[in-house]
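# no sequence for this one, just the structure:
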């Protein structure tokens, strides 16, 4: 009886083992087919898993600790060296920069050069030069005497307009020209050939100063109405006040 039971169990155990083996084969075949059919999805899943692992690792490890997995990190500050504008300076290095002038730079530089011919008896050529008011004092006195107005008023206008500049081609944004900053239309009416060369030139300092005296006298300065004369010269009260203050300082 015992022998029969052992024999029965042995037979059933073999069948169980065979069944388990067949089951594993079936599962293996199913997994193989599934993997073959869904290879791209599985690959994407694995990649996503790896990326998620990296993100979690970065979230857990502080970046400012100075070391990440044995790699030494450094903080760098880059700034422009103002004492040498052609270099960018880092912590331990200096990087040279190649620079050049833009078209705007070249145009600005070109317009800043004001070399003009001086309409005088000698037909000299000079630069636009701002001078001390006393340099042209004799000229102001001659013009004031010619038109019956204080020379200090003429000197003050010249000083405020162009800093008592010499003969010049400089123009204002509004189009006023020369040492006394005449508008071309006003110059045609009041311009004077003071140096006797046969031409009343808006850019010549002698002609311009006499022209200014002419305009101021016609505007009321010859009758002593300096405020109206200056307002007629430049329609702004701040201008009138400024010129009058300079003229008074000169002794008017």
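Done, it's in. Just so you know, these numbers come straight off a predicted model, no measurement behind them.

# if I pick residue 227, what's in contact with it?
240, 244 (Cβ atoms under 8 Å, 6 or more residues apart in numbering). (Each C-beta comes from the backbone N, C-alpha and C, glycine too.)

# Which residues belonging to the host helix or strand of it are considered buried?
In this structure, residue 227 sits in helix 226-233 according to DSSP states H and E. If you call a residue buried by 16 or more other Cβ atoms under 10 Å, then helix 226-233 has these buried ones: 226, 227, 229, 230, 231, 232, 233.

# in the host helix or strand of residue 139, what counts as buried?
Secondary structure from DSSP H and E places residue 139 in helix 137-147. Residues 137, 139, 140, 142, 143, 144, 147 are the ones in helix 137-147 that count as buried (16+ other Cβ under 10 Å).

# Format these as CSV; extra columns: distance to residue 165 and pLDDT.
Listed next are the buried residues of helix 137-147 as CSV, based on distance: Cβ to Cβ, whole Å; pLDDT from 0 to 100:
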residue, distance to residue 165, pLDDT
137, 15, 93
139, 13, 95
140, 14, 96
142, 19, 97
143, 16, 97
144, 19, 97
147, 21, 98
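
# Now the two most distant members of those.
Maximum pairwise distance in these, criterion Cβ to Cβ, is 16.3 Å, between 137 and 147.

# and which of the buried residues of helix 226-233 is nearest residue 153?
Ranked by distance to residue 153 (Cβ to Cβ), the buried residues of helix 226-233 are led by residue 226 at 6.1 Å.

# Next, find the distance separating that closest one from residue 166.
In this view, residue 226 and residue 166 are 26 Å apart by Cβ to Cβ, to the nearest Å.

# hang on, the earlier thing: in JSON lines: the buried residues of helix 137-147, plus distance to residue 192.
Shown next, in JSON lines, are the buried residues of helix 137-147 (distance: Cβ to Cβ, whole Å):
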{"residue": "137", "distance to residue 192": "19"}
{"residue": "139", "distance to residue 192": "12"}
{"residue": "140", "distance to residue 192": "14"}
{"residue": "142", "distance to residue 192": "11"}
{"residue": "143", "distance to residue 192": "9"}
{"residue": "144", "distance to residue 192": "13"}
{"residue": "147", "distance to residue 192": "9"}
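
# of all those, which comes closest to residue 238?
The closest of the buried residues of helix 137-147 to residue 238 turns out to be residue 140 (Cβ to Cβ; 22.8 Å).

# Correct me if wrong: residue 222 contacts residue 150.
No - assessed by Cβ atoms under 8 Å, residue 222 is found out of contact with residue 150, at 10.4 Å.

# which one of those two has more residues nearby?
residue 150 (19 against 15; other Cβ atoms under 10 Å).

# Could I get the phi/psi values of the more buried one?
Backbone geometry at residue 150, expressed as degrees, to the nearest 10, gives phi -60, psi 130.

# For it, which non-adjacent residue is closest in space?
Excluding its sequence neighbours, the residue lying closest to residue 150 (Cβ to Cβ, 6 or more residues apart in numbering) is residue 252, at 4.9 Å.

# what's the neighbour count on that neighbour?
15.

# again with residue 157
28.

# how big is the angle separating the helix or strand hosting it from helix 226-233?
Residue 157 is part of helix 151-162, with elements assigned from DSSP H and E. Counting by axes from the mean of the first three to the mean of the last three Cα atoms, to 10 degrees, helix 151-162 lies at 30 degrees to helix 226-233.
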